[in-house]
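Chemist: coords below, sequence missing:
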């Protein structure tokens, strides 16, 4: 800290920002140049306009599961309602199962991240067994839809064209605004083994009891979305960009093996035909229970595993105003349920899991569902559906209306047979259930276009997941949403802006989940404050429930409802790859001159006496001096120095005082301390300054300065602080709330960066490792893999 004594005029001059030598980069320019022009369909406020419209599609589906062939066949009738102002000559459907065709774009366009990805840890050419099995199986698996009997309501065949994962139906008559059309078709497909071929659904085989568990999604031809800002959503399904669909009513009958238990979107219509009397009684009891009630017990599930009953049963479900339908089926399922009512929410939370999921699933799954609905409803709207379901199967984490697939399970020790679960598995299960059940809000109700913008559902959902996890228990493990956890990604080079299409994202999980969740957390805690943010976020959810928002609608609603211009925030966090790195470069202290020579010269003498003593003066301290041995050589100047106050000084002071008004005299006596604090924006993102100021007395205070402090000079600024007592130190972002990538430059004076060094012995005997190196590089990785990012 540099200390200076100066007049007030000098201070005002120093507070002005220096003119930049390079072109001015306006971080606060408006987003109008990037956002679409508001229309009568989408208002400038971010709300749906008075002419808002969206399409609708209703489905009647009859399908059968062939367990032995691991295949599904079915027929469906779709009634498509044209709510748009446009006349449509053709319709587009999504055939997402075609992703698994050997000649799909996904298979053909797949690449390795780098040649190094084909090498093992020692640099040898090698690949995991599991990876190679997946590559070989993908080539031979007969995946994709087989389509037949496509015809109109009059029974006449309809012309159609299949373009990879899309199918166009040519209408015999143009579909005018306000009209509707019905058509039907048959289809079948082979179910992929999820743990081999991946994907968002599939079957899992349990070798111990020789049973399968099926999680079924993207399983029928679905209407593609048609909307005002895009027309037909025509992007092919390549695997990363998920779905955008139309709301509608579903009437679905699923024929499965007689001993299977089925979980599905919607409400079961025929429990008396598929459940025993005892199971129906338990299900009814669960609606008013305060703890989960087991509907199908583990004993019943284990008996079904062994007996494998013959024949089939048909489960009938109906769902109103949903954008999709998914289901799961297995004789291995244990099923528990518990009712939950609060405000406008009245639903049944249900969990389906094999015995391999216990004891973890029976204890936590349904409780986590209820917790999710309770917490999400606080920040958005009441849960609008009658059920919320969590299913344990091969899919690590995937969401559909009213139903989600979640993967974490306990681990069985191969030697002892003991079933255990580490804390990471427990928290992982609770976290993934919160995330996937939370998707009922984003995008199952707030129906954003996932194929275009992954962050609009994953990022927003991960943010609310973060809030819900904090409400589960204290000291929840840090994860996505915590600014400290995004720092490494923010300073990485291999990244693209959040506002990048879903299929072109790099570092997918960080980009679409963690970064937007962190941005919203910072917006809530640091920029707007909780009250303003929560009101605006709830307004967005309320405005757009059961509608299709775009990024512009979200940005505009948050500004409109918070009364705050946030264009600088959206531009920096969502449209760039800049990071936060604000450096506190230095501090200069000023005090106001009293003009009183008695005070000022004494201060200058003290300042000089406080300066370091030169090394030569230290060594000459005991030197014999001539004037000491001959005192007669001393005169007035030996008795006085330049800091002696003279009568001339005193007279000049009185003359100056006489010219000052009373308020000017008072200013000279304030005793305030003034500090010029210099900051540099090294990362590019402008952010508020959060300053922890430590005073000489030991007291600390927090000063919050809005991001607008950067509006005239986005790279370097000087901030004037006025205090009653001396400052001894300042720390920028003391609570690590802005994701600053370099905390080493956040404090003045600089703080020592602490770390630890590990000591280890040199390994002398390397023969065992050499022997291992002689083995084939094609070997199984026996280490436990990290859990994949949930969807």
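Modeler: Received, thanks. Given the structure is predicted, the values throughout are model-derived calculations rather than measurements.

Chemist: could you list the low-pLDDT ranges of the chain?
Modeler: Residue ranges of the chain with pLDDT under 70: 1-22, 112-126, 762-791.

Chemist: 50 - rerun?
Modeler: Low-confidence regions of the chain, defined by pLDDT under 50, span residues 1-3, 5-16, 18-20, 766-789.

Chemist: list the helices and strands the top helix by length along it packs on?
Modeler: Determined from DSSP state H, the single longest helix within the chain is helix 360-379. Under the contact definition 3 or more CB pairs under 8 Å, 6 or more residues apart in numbering; DSSP states H and E, helix 360-379 sits against strand 334-342, strand 345-353, strand 387-392, helix 423-438, helix 455-470, helix 530-544. C-beta coordinates here come from the backbone N, C-alpha and C atoms, glycine included.

Chemist: and the next element down the chain from the shortest one?
Modeler: Beyond strand 387-392 on the C-terminal side, the first helix or strand identified by DSSP states H and E is strand 397-400.

Chemist: what pairs with that following strand, parallel or antiparallel?
Modeler: Sheet partners assigned to strand 397-400 using DSSP bridges are listed as strand 403-406 (antiparallel).

Chemist: list the contacts of the partner strand.
Modeler: 200-201, 215, 217, 263-265, 326-328, 365, 387, 389-393, 395-399, 429, 432-433, 436-437, 439, 790 (CB atoms under 8 Å, 6 or more residues apart in numbering).

Chemist: let me know the next secondary structure element after it.
Modeler: Using DSSP H and E, the helix or strand that follows strand 403-406 in sequence is strand 411-412.

Chemist: what packs against that next one?
Modeler: Using 3+ CB pairs under 8 Å, 6+ apart, the elements in contact with strand 411-412 are strand 419-420.

Chemist: in its sheet, which strands sit next to the strand it packs on, and in what direction?
Modeler: Short version: by DSSP bridges, strand 419-420 pairs with strand 411-412 (antiparallel).

Chemist: to the chain's geometric centre, what's the distance from the strand it pairs with?
Modeler: Here the centre of strand 411-412 is set off from its chain's centre by 30 Å, with CA atoms, centre = their mean, to the nearest Å.

Chemist: and if you look at stretch 270-290?
Modeler: Counting by CA atoms, centre = their mean, stretch 270-290 is centred 38 Å from the centre of its parent chain.

Chemist: give me the buried positions along the longest helix of the chain.
Modeler: 360-362, 364-373, 375-379 (16 or more other CB atoms under 10 Å).

Chemist: over to stretch 653-672?
Modeler: For stretch 653-672, a neighbour-count test (16+ other CB under 10 Å) marks 653, 668 as buried.

Chemist: thinking again about what came up before, figure out how far the longest helix of the chain is from the centre of its chain.
Modeler: Distance of helix 360-379 from the chain centroid (CA atoms, centre = their mean) equals 19 Å.

Chemist: repeat for stretch 356-371
Modeler: That offset, for stretch 356-371, works out to 24 Å (CA atoms, centre = their mean).

Chemist: now do that stretch: everything it contacts.
Modeler: By CB under 8 Å, 6+ apart, the residues outside stretch 356-371 that reach it are 206, 292, 294, 298, 334, 336-338, 340, 349-351, 353, 388-390, 392, 406, 408-410, 412, 419, 421, 425-426, 429-430, 433-434, 437, 468, 471-472.
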